[in-house]
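Novice: Whatever this is, show me its structure:
(one chain, ligands or ions: 1)
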Amino acid sequence: MAGNLKYDAALAAFGEVKSGMKLGIGTGSTAEEFVKVLVQAVSEGLEIVGVPTSERTKELCIAGNVPLTTLDETPELDLVIDGADEIDPKMRLIKGGGGAHLREKIVAKAGKKMIVIADESKIVDTLGTFPLPIEVTQFGSKATMLAIEAVAKSLDLSGELKFREKDGQIFVTDEGHYIIDASFGRISKPEELAQALVALPGVVEHGLFIDIAKIAYVASSEGVKIIKQ
Ligand code: 5RP
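Specialist: I've put the predicted structure just below:
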């Protein structure tokens with residue numbers, strides 16, 4: 001069952017957590033399994049301090065008495081553990097299905113090491129089946145959407161671009177921005193796309209994580225495989 005696989009991956013990755021560590025804590029259903037493991041370990045005496053990547057993760061950590069700090073108080077982290085929407089053979093990721101990829105990327109970059117936890121459904125040959133989340137400023141968001149479309153076209157990418165909604169309303173991120181989900185299908189040159197997107201003024205951050213994660217704990221019914229880049 002996928003729920004158990006997420007827990008399996010989280011539990012296996014927890015083996016990398018040592019007492020005294022400053023930890024970045026991801027967002028999403030797999031990261032929530034990791035929070036459960038952390039809550040248990042803290043109740044048994046593990047001493048860590050965490051930086052949550054979203055308000056949702058923060059709430060869960062507070063409810064479970066996981067000691068927290070902020071990235072401003074603790075700008076360098078030992079380890080960051082987070083989920084992903086897609087993982088390709090070069091450990092390039094799509095993230096942001098939970099709408100937290102801006103904070104997640106900032107936290108991941110502040111970490112000495114980022115570990116991805118996932119079930120095997122997240123492994124892909126080519127990124128892009130999962131719509132790429134692109135966080136944009138509210139101001140001029142439609143103009144930014146058109147600019148994204150133009151940039152994508154210049155890279156031979158096309159597909160539907162949609163403002164993310166939640167409960168019938170446009171979704172607003174923890175940082176107060178919108179998300180455009182871009183259904184490109186196949187992103188054969190993620191580096192080029194990443195560079196082109198960040199060059200657009202209304203784009204705050206995209207969900208392509210390139211050269212950030214070096215290790216993934218991927219759970220299947222056969223067990224948890226550790227993939228290293
Ligand atoms: C949130 C993320 C998540 O890590 C990603 O969406 C995976 O989520 P899940 O573990 O629920 O499949 O990037 O912004």
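Novice: Can you give me the pLDDT of Gln229?
Specialist: Looking at Gln229, its pLDDT is 84.
Novice: Report the central residue of this structure.
Specialist: For the chain, Lys95 is the residue whose C-alpha lies nearest the centre (CA atoms, centre = their mean; 4.0 Å).
Novice: Now do the contacts for Met21.
Specialist: Ile48, Val49, Asp78, Leu79 (CB atoms under 8 Å, 6 or more residues apart in numbering). Using the backbone N, CA and C atoms, a C-beta is placed for each residue, glycine as well.
Novice: so the second one bridges to which residues?
Specialist: It stands for Val49. Here Val49 sits in beta bridges with Lys22, going by DSSP bridges.
Novice: what's the pLDDT at it?
Specialist: pLDDT for Val49: 98.
Novice: Around the ligand, pick out the residues from this protein.
Specialist: Counting by CB under 6 Å from any ligand atom, the chain comes close to the ligand at 26-31, 82-85, 95-101, 104.
Novice: burial count for the spatially closest residue to Phe209 that is not a sequence neighbour?
Specialist: Closest residue in space to Phe209, ignoring its immediate chain neighbours: Leu93 at 3.9 Å, by CB to CB, 6 or more residues apart in numbering. Number of residues near Leu93 (other CB atoms under 10 Å) recorded here: 31.
Novice: Just confirm Leu93 contacts Ile117, I think it does.
Specialist: No: judged on CB atoms under 8 Å, Leu93 makes no contact with Ile117 at a distance of 11.7 Å.
Novice: Mark out where each domain of the chain begins and ends.
Specialist: Domain segmentation of the chain under automatic domain parsing yields 2-124+210-228, 132-204.
Novice: Would you agree Ile25 is in contact with Arg56?
Specialist: No: between Ile25 and Arg56 there is no contact under CB under 8 Å: 10.7 Å.
Novice: Of these two, which one has the most company?
Specialist: Between Ile25 and Arg56, Ile25 has the larger neighbour count (other CB under 10 Å), namely 28 against 18.
Novice: check contacts around the more buried one.
Specialist: Counting by CB under 8 Å, 6+ apart, Ile25 touches 31, 34-35, 38, 50-53, 57, 61, 66, 80-82.
Novice: Check the gap between it and Val49 for me.
Specialist: Note on Ile25: its distance to Val49, by CB to CB, to the nearest Å, is 10 Å.
Novice: One more: Gly185?
Specialist: Distance from Gly185 to Val49, by CB to CB: 41 Å.
Novice: ok, the two, which is more surrounded?
Specialist: Taking neighbours as other CB under 10 Å, Gly185 and Val49 compare with Val49 leading, 16 against 13.
Novice: Am I right that that one is in contact with Lys22?
Specialist: Yes: using CB under 8 Å, Val49 makes contact with Lys22 at a distance of 5.5 Å.
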